[in-house]
Each structure stands twice: as C-alpha cells, then as structure tokens.
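Peer 1: sequence? don't have it. structure:
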C-alpha cells in the first residue's frame with residue numbers, strides 16, 4: 001500500500017506517521033519497513049530514523065535519484081505531479 005501526505009516542509013511528519021501506524025496496528029496490520037530514497041530528507045533525518053527504530057520498523061533506502069527502484073510508490077508521485 002502507498003500513502004501520500006503532502007506537507008509544508010521537509011521536516012518528517014512524525015505526528016501523521018504516529019497516527020497512521022497506530023490505526024494500522026489497531027487493524028492488525030504489522031509494519032515491517034519503510035522505504036525512502038537514500039539522498040532524501042527522511043533517510044538523512046536522525047529524528048525519522050530514531051522514530052522508526054523506536055517502533056521496530058526497518059528503514060530501507062534505495063539509490064539516490066533512481067525512482068525505478070521504488071516501483072509502485074513512484075508511479076503515484078508521477079501521477080500527482082502530472
């Protein structure tokens with residue numbers, strides 16, 4: 001599944017993620033990993049990586065500027081951009 005949360009800044013949307021993760025867990029969905037691009041603001045954020053670690057979620061990074069590695073997620077970005 002993919003979710004899009006447009007925000008006004010590059011700061012990690014931890015409040016949104018906390019709510020999303022709690023709703024998914026309430027529905028019995030286990031979050032195993034979060035995938036972000038290696039050169040992006042999230043992968044370089046200590047706040048974001050600590051948040052994932054605290055929630056036992058693995059961080060997977062893809063090569064910078066290699067959107068094809070993100071598959072389905074990047075397609076929705078492309079659609080929104082158009």
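Peer 2: Arrived safely. Since the model is a prediction, treat every value here as computed from it, not as a measurement.
Peer 1: what kind of secondary structure is the closest residue to residue 3 other than its chain neighbours in?
Peer 2: Using CB to CB, 6 or more residues apart in numbering and skipping the chain neighbours, the partner closest in space to residue 3 is residue 20 (6.7 Å). Bear in mind the C-beta positions are built from the backbone N, C-alpha and C, glycine included. In the three-state summary, residue 20 is assigned as helix, counting by DSSP: H, G, I helix; E, B strand; the rest coil.
Peer 1: count the residues that sit near residue 20.
Peer 2: 14 (other CB atoms under 10 Å).
Peer 1: hang on, isn't it packed against residue 4?
Peer 2: No - Residue 20 is beyond contact range of residue 4, at 11.5 Å (criterion: CB atoms under 8 Å).
Peer 1: per-residue confidence for the residue nearest to residue 3?
Peer 2: Per-residue pLDDT puts residue 20 at 89.
Peer 1: kindly report the same for the one 10 residues further on.
Peer 2: Per-residue confidence (pLDDT) for residue 30: 90.
Peer 1: sec struct for it, please.
Peer 2: Applying three-state DSSP: residue 30 is coil.
Peer 1: separation between it and residue 46?
Peer 2: 25 Å (CB to CB, to the nearest Å).
Peer 1: for this protein, which segments count as helices?
Peer 2: All helices of the chain, identified by DSSP state H, fall at 14-26, 46-54, 72-81.
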